[in-house]
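Visitor: Got a predicted structure plus its sequence, pasted below:
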Amino acid sequence: EIPVWELHPDTATFLAYTCYRATCRFRGRNYEAWYTPEIPRSEGPWKLQGLPGLILAVNDTGDDGGIIRFEATGIRRAEVPVTMADLNYLKTSRKKFLATERKFMTDPIGYMQANSNIRITVRNEDGTPREGADLLREYNPLETE
């Protein structure tokens, strides 16, 4: 899935490149991106792509905005191509992956104990064990839809 961008005439400078603003809603968040046609690559960070130039900066906007920000700090030509390792990946659906990721991110100890033979005890400074809700944590994923 590629984001559907709305192009705007606003400009800004990143890494000495003139960049133009574009906005979209993608996977549950609103984004503002700054891209430069001076580098004619339709790519950017994470899954953000599809603009008429390389995305050099992007941030989320909206009610829950200000959590995500990517900004290029330099550009260099790679000596070797960037590739993905050819491993025996587990096949799953996006929905199942996101549900599993949420379980792990909110309760990593509970997830590991439920899915392996690993047993973990977390203790307070005084040596008493911490359990249950004390071990849960908040999780705000990039993809909310």
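Guide: In hand now; what should we look at? Residues are numbered from 1 along each chain as shown.

Visitor: Can you name every helix or strand that the helix ranked longest in the chain contacts?
Guide: Secondary structure of the chain per DSSP state H: the longest helix is helix 94-106. With contacts defined as 3 or more C-beta pairs under 8 Å, 6 or more residues apart in numbering; DSSP states H and E, helix 94-106 has these neighbours: helix 108-114. Where C-beta positions appear, they are placed from N, C-alpha and C, glycine not excepted.

Visitor: Give me the sheet partners of the helix or strand just after the helix it packs on and which way each runs.
Guide: Going down the chain from helix 108-114, the next helix or strand is strand 122-123, by DSSP states H and E. Using DSSP bridges, strand 122-123 pairs in its sheet with strand 129-130 (antiparallel).

Visitor: tell me which residues of stretch 98-112 are tucked away?
Guide: 98, 107, 109, 111 (16 or more other C-beta atoms under 10 Å).

Visitor: L15: which of those residues is nearest?
Guide: Of all these, L98 has the smallest distance to L15: 33.1 Å, by C-beta to C-beta.

Visitor: Now do the same contact list for the closest one.
Guide: Taking C-beta atoms under 8 Å, 6 or more residues apart in numbering, we find L98 in contact with 141, 143.

Visitor: what secondary structure does the residue lying closest to R29 once chain neighbours are set aside sit in?
Guide: Excluding its sequence neighbours, the residue lying closest to R29 (C-beta to C-beta, 6 or more residues apart in numbering) is D60, at 4.8 Å. Following DSSP: H, G, I helix; E, B strand; the rest coil, D60 is assigned to strand.
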